[in-house]
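Colleague: how would this look folded up:
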Amino acid sequence: MPAYSDLVGPANLIWFILGLVSGSFVCEVADRLPVHENFITGRSKCDGCGKTLSWYELVPIVSFCLQHGRCRSCGEKISPRYPIIEFINGALYFCVISVYGFSIETVLISLLSSALLGLSLIDEKTHEIPVGFNIFILVLGLIRLFTDLANWPLYVIGFFAVSLPLYLLLLLSKGKAIGGGDIKLMAAAGLLLGWKNALLSFILACILGSVIHLLRMKLSHASRTLALGPYLAAGLYISSLFGPSLISAYLAFLTR
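Modeller: Sure thing, here's the model as predicted:
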């Protein structure tokens with residue numbers, strides 16, 4: 001367990017700030033990608049008056065607080081969703097570096113975290129995972145594979161461990177039981193995390209999806225239709241940080 005001084009060290013705080021900045025980009029992608037707007041070079045604008053925002057109006061969390069959650073030009077309220085997402089992404093990055101220290105794993109898992117957050121926001125709203133997210137995670141998986149070639153079977157098997165059974169389920173159900181985006185996500189993430197973490201991720205996603213969605217249906221009358229992407233994302237993130245520990249604890253419990 002990292003010491004408290006390590007958790008609040010400069011490297012962790014810098015990585016947290018990078019997470020905040022990345023979180024701002026995640027917000028833009030989640031807003032613009034579903035409506036096919038340019039999120040690479042397109043400038044951010046106020047939803048109320050359409051004014052192009054200056055850099056000092058886009059500082060994560062800080063600008064929102066200093067402007068009291070309103071546009072400086074027209075006074076239109078800015079959704080608190082933006083600073084919340086920025087903070088969540090920063091917290092995800094902070095947890096990653098707290099577990100891995102500064103390493104190639106930290107970079108890859110942090111980027112994975114942002115992709116999982118972005119696709120979760122979109123899937124929850126549209127029930128579709130844009131293919132660009134899965135391609136991005138696949139690239140991360142290929143980098144992981146080529147930086148750890150000695151353990152290549154772990155990653156190659158991970159590509160098929162969950163995605164292949166899900167693909168067979170897709171065929172048998174004629175597309176009703178699972179979405180193609182979910183299958184691609186588990187293939188790409190399996191290549192990145194390995195087969196053990198891929199299997200654990202899917203188990204966690206099923207548990208979380210069952211419990212949380214039933215509660216949402218009961219408490220907020222959510223639709224019976226389940227967007228699986230956010231739960232797969234949660235399972236993948238948990239596994240990426242604590243997978244080996246959770247698996248070891250479970251095996252130790254079975255052998256007691």
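Colleague: my read is residue 227 is in a helix, agree?
Modeller: No - according to DSSP: H, G, I helix; E, B strand; the rest coil, residue 227 belongs to no helix; its state is coil.
Colleague: what residues does it make contact with?
Modeller: Applying C-beta atoms under 8 Å, 6 or more residues apart in numbering to residue 227 gives the contacts 123-124, 127. Backbone N, C-alpha and C define where each C-beta goes, glycine included.
Colleague: filter the residues you listed down to the ones in strands?
Modeller: Using DSSP state E, no member of those falls in strands.
Colleague: in helices, which of those residues appear?
Modeller: 123-124 (DSSP state H).
Colleague: going through the contacts of residue 227, which ones are buried?
Modeller: Neighbour counting over those (16 or more other C-beta atoms under 10 Å) leaves residue 123 as the buried ones.
Colleague: I'd like the next helix or strand past the helix or strand of the chain with the lowest mean pLDDT.
Modeller: Taking mean pLDDT, DSSP states H and E as the measure, helix 4-7 is the helix or strand of the chain with the lowest mean score, a mean of 52. Per DSSP states H and E, the first helix or strand lying C-terminal to helix 4-7 is helix 10-32.
Colleague: now the closest residue to residue 52 other than its chain neighbours: how far from residue 21?
Modeller: Leaving aside its sequence neighbours, residue 52 sits nearest to residue 43 (C-beta to C-beta, 6 or more residues apart in numbering; 4.8 Å). Going from residue 43 to residue 21 by C-beta to C-beta, to the nearest Å gives 16 Å.
Colleague: which one of those two is surrounded by more residues?
Modeller: Applying other C-beta atoms under 10 Å to residue 43 and residue 21 shows that residue 21 carries more neighbours, namely 16 against 9.
Colleague: show me what contacts the spatially closest residue to the more buried one that is not a sequence neighbour?
Modeller: Among residues not flanking residue 21 along the chain, residue 60 sits closest, at 5.9 Å (C-beta to C-beta, 6+ apart). Contact partners of residue 60, counting by C-beta under 8 Å, 6+ apart, are 20-21, 23-24, 83, 86, 90.
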